[in-house]
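1. pasting a predicted model and its sequence here:
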Amino acid sequence: MGIEIWLAVAGLMLVSLSGVLFVQKTIRGVVENRLPFLVSFSAGVFLVTAGALTLEVFEQVSSVWMGVLLVVGGYLLATLGGFIMPEVHHHHDESCGESKSSAKKLMIGDALHNIGDGVVLVTAFTVSPILGVATAVSLAVHETLQEIAEFFVLRQAGYSTKQALLLNFSISSTVIIGVLIGYFALDIPNLEVVLLAVSAGFFLQVVVHDLLPKRAKYEEEKEFGLHVLLVLVGVLIMALVSTALGESHSHGGDVHDDERDEYLLEIETNHNQDH
């Protein structure tokens, strides 16, 4: 596996310590009150990545309908996972439990979610470095919100600041398990497109069921408009990042592409001469 995958893994694990920035009560209050708006921004970021993954699926299958079926299957699989483990996503709304029992369920759900992140990450990097970086950025944005919220929940459940940070960091390390699972799974023929479809479905499911604002208190016209604006800002920024990565990759890859074409031409020429 490339070093870029492990750098992305290290970044996601470091994100788990972001809760330490919000120990101070004033900062914590400000962040808590604005988490729903940050979630909407994250939705925009996820939409772009979901679209990129879906396009990769369509490029690798024989028909559009097959691609649609695979992505829908990934979406349904992610939905089933969310139904079985509803604690996986919460973003510190009023339904968050404050007991240690609820916190333990949350940690189990987060560990499983991180394993899924690892599979998504290694699949994206296998397709292309650009898609891998875009996916890593999306996961980092979302994980920042998730880890801050989880830190709040663990503190409310009675864990000390040190305990909450150590638990978050330990749970985040399960992303390594997901990377290893994805790495060995990709050795199976034709499994890459399936994992891509599952990844695309996962991102879409998170957007629809977890990130897009749908609670009644956000449906006031002024707040709803702000949420929509933040989603669009997330889409725009992520699109610009993806475009910049694409241009950088293409400029840096021209020589490599020429060498590859010459190499293939040489193989074809030698093959014709032998016959």
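-> Great, that's in hand. Since the model is a prediction, treat every value here as computed from it, not as a measurement.

2. next up, the contacts around residue 163.
-> residue 154 (Cβ atoms under 8 Å, 6 or more residues apart in numbering). For glycine as for every other residue, the C-beta is placed from the backbone atoms N, C-alpha and C.

3. that one sits in which helix or strand?
-> Residue 163 belongs to helix 161-172 when assigned by DSSP states H and E.

4. distance from that helix to the middle of the chain?
-> 20 Å (Cα atoms, centre = their mean, to the nearest Å).

5. identify the residues contacting whatever helix or strand comes next after that helix?
-> Using DSSP H and E, the helix or strand that follows helix 161-172 in sequence is helix 175-185. Here helix 175-185 makes contact (Cβ under 8 Å, 6+ apart) with 1, 5, 9, 12-13, 114-123, 191, 195.

6. is there a quick ChimeraX command that grabs whichever of those residues are buried?
-> Selection of the buried residues among the contacts of helix 175-185 in ChimeraX, burial being defined by 16 or more other Cβ atoms under 10 Å:
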select :5,9,12,13,114,115,116,117,118,119,120,121,122,123,195
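
7. next, count neighbours for residue 240.
-> Other residues within reach of residue 240, judged by other Cβ atoms under 10 Å, total 11.

8. where does the stretch 51-200 of the chain dip in pLDDT?
-> Scanning the stretch 51-200 of the chain for pLDDT under 70 picks out 85-100.

9. all strands for it, in order.
-> Using DSSP state E, counting those that start in this stretch, no strands are assigned anywhere in the stretch 51-200 of the chain.

10. surely residue 115 meets residue 174?
-> Yes - judged on Cβ atoms under 8 Å, residue 115 makes contact with residue 174 at a distance of 5.3 Å.

11. now do the shared contacts for those two.
-> Contacts common to residue 115 and residue 174, judged by Cβ under 8 Å, 6+ apart, are absent.

12. leaving aside the residues adjacent along the chain, what's closest to residue 107?
-> residue 171 (5.5 Å; Cβ to Cβ, 6 or more residues apart in numbering).

13. make sure that neighbour is actually in contact with residue 114.
-> Yes - assessed by Cβ under 8 Å, residue 171 is found in contact with residue 114 at 6.6 Å.

14. let's see which of the contacts of helix 175-185 end up in helices.
-> Using DSSP state H, the subset of the contacts of helix 175-185 located in helices is 5, 9, 12-13, 114-123, 191, 195.
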